[in-house]
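Enquirer: any chance you can model this:
(one chain, ligands or ions: 1)
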Amino acid sequence: MFGNHLVLVVTDSKGSRSIRVRSVFRRIFVYLVLFLLSLIVFFVMSIGAFRSEIEMIERDNMSLKKAYEKLLQKNTSLNDKINQRTEEIALVGDRVEYLEGMVGVPSDSEEYERVDYGLQDRIDNASLAGVQKAFFMRFIPNGYPMDYYRRISDFFGYRMHPILHRRHLHAGIDFSAEIGTPVYATADGVVEFARSGFNGGYGHMVKIDHSFGFKTYYAHLDRLIVKRGDFVKKGQIIAYSGNSGKSTGPHLHYEIRFLGAYIDPKNFLNWNMRTFDLIFEKEKNIPWQSLLETIKTMMDQMEQPSSLEAHE
Ligand SMILES: [Zn+2]
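Expert: Sure thing, here's the model as predicted:
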């Protein structure tokens, strides 16, 4: 049994003492020490490996951060460039719109000078029957193109251009009105033009071809009801008013043209059966006498009893 003992000898200044340890414990001790040593070695190596990995990740992180910052800078400068270009485009757009407005499309292919037919005080309309007057009121533009409007914001006439200091014609009457106000045809006719778009500043626009050389224009509309080729009756809704095209606020721009020449619509607005004769005095750019005679003759011929009427 003695051989299974380990003898530890401890020596100090007072002398030596010996301690016996069982050899089983000795073995366990040796294994424990070896295990601890290998554990320490493993930890030390692992930590070293982790540390180098962390360092690598940190380096990657740094380079990614730098790349991100570079991209951010590039993005900012690109955004600046985009903003600059957008401004440039808007500027060019303004200029184009302005030029289009100056050109005044869409107009008839030729612009005709208004002709002053002079005072037509010798107009013979006393012999006009009620039905003949009604014919006038049906086929020649008269009355208002809308029932509800705030006010007339601009009349027909020459204006001094605020920037160019050049005279330009405001060729119609502007009715300031809420977007979506119904717009009516002011006489029977056929729709010659009905198109959405900028239309040279007129915006969404309807143009009606009436009888005897008259045309009416309805501009800056919101929604069109009619299309090119539609026959319309006086008082029929053709569109809803808007603020499209070159417009500074919601309004209807209403024009009357006679043989392509601009006519002041003012006298036509309040023209009706009761005020029938007034327009012949006020509006001198229409050959009323000739028109009256033509219509009178035409209607007199229609009133002749025909074979068709005789059967009824
Ligand atoms: Zn106008």
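Enquirer: every contact and neighbour count from this point should use C-alpha atoms.
Expert: Noted.
Enquirer: now do the SS call for Leu32.
Expert: Judged by DSSP: H, G, I helix; E, B strand; the rest coil, the three-state class of Leu32 is helix.
Enquirer: meant to ask about Glu178, not that
Expert: Secondary structure state of Glu178, per three-state DSSP, is coil.
Enquirer: wait, it touches Tyr149, no?
Expert: Yes: using CA atoms under 8 Å, Glu178 is in contact with Tyr149, at 7.3 Å.
Enquirer: what about Met160, how many neighbours?
Expert: When neighbours are defined as other CA atoms under 10 Å, Met160 has 11 of them.
Enquirer: count of residues packed around the closest residue to it other than its chain neighbours?
Expert: Take Met160 and drop its neighbours on the chain: the residue closest to it by CA to CA, 6 or more residues apart in numbering is Arg167, 4.6 Å away. Using other CA under 10 Å, Arg167 has 12 neighbouring residues.
Enquirer: could you check how far Arg167 is from Lys266?
Expert: Applying CA to CA, to the nearest Å, the value for Arg167 to Lys266 is 21 Å.
Enquirer: same deal with Lys65?
Expert: For Lys65 relative to Lys266 (CA to CA), the value is 72 Å.
Enquirer: and the helices in the stretch 1-150 of the chain?
Expert: 23-103, 130-139 (DSSP state H, counting those that start in this stretch).
Enquirer: among those helices, which is nearest the ion?
Expert: Closest approach to the ion among the helices of the stretch 1-150 of the chain (CA to the ion): helix 23-103, 11.6 Å.
Enquirer: does that closest one come close to the ion?
Expert: No: using CA under 5 Å from the ion, we find that helix 23-103 stays clear of the ion, coming within 11.6 Å at best.
Enquirer: quick one: average confidence on that helix?
Expert: The average pLDDT within helix 23-103 is 81.
Enquirer: just stretch 236-254 next, same as before
Expert: If you average the pLDDT over stretch 236-254, you get 95.
Enquirer: what does this structure have sitting close to the ion?
Expert: Counting by CA under 5 Å from the ion, the chain comes close to the ion at 174, 253.
Enquirer: could you look up the SS state of the residue nearest in space to the middle of the chain?
Expert: Residue closest to the average C-alpha location in the chain (CA atoms, centre = their mean): Ser244, at 7.6 Å. Secondary structure, three-state DSSP: Ser244 is coil.
Enquirer: pop out the phi and psi values for it.
Expert: Per-residue torsions, Ser244: phi -90, psi 160 (degrees, to the nearest 10).
Enquirer: and for Gly180?
Expert: Residue torsions, per degrees, to the nearest 10, at Gly180 are phi 100, psi 10.
Enquirer: cool, and the one 3 residues further on?
Expert: The main-chain torsion angles of Val183 are listed as degrees, to the nearest 10 and equal phi -120, psi 130.
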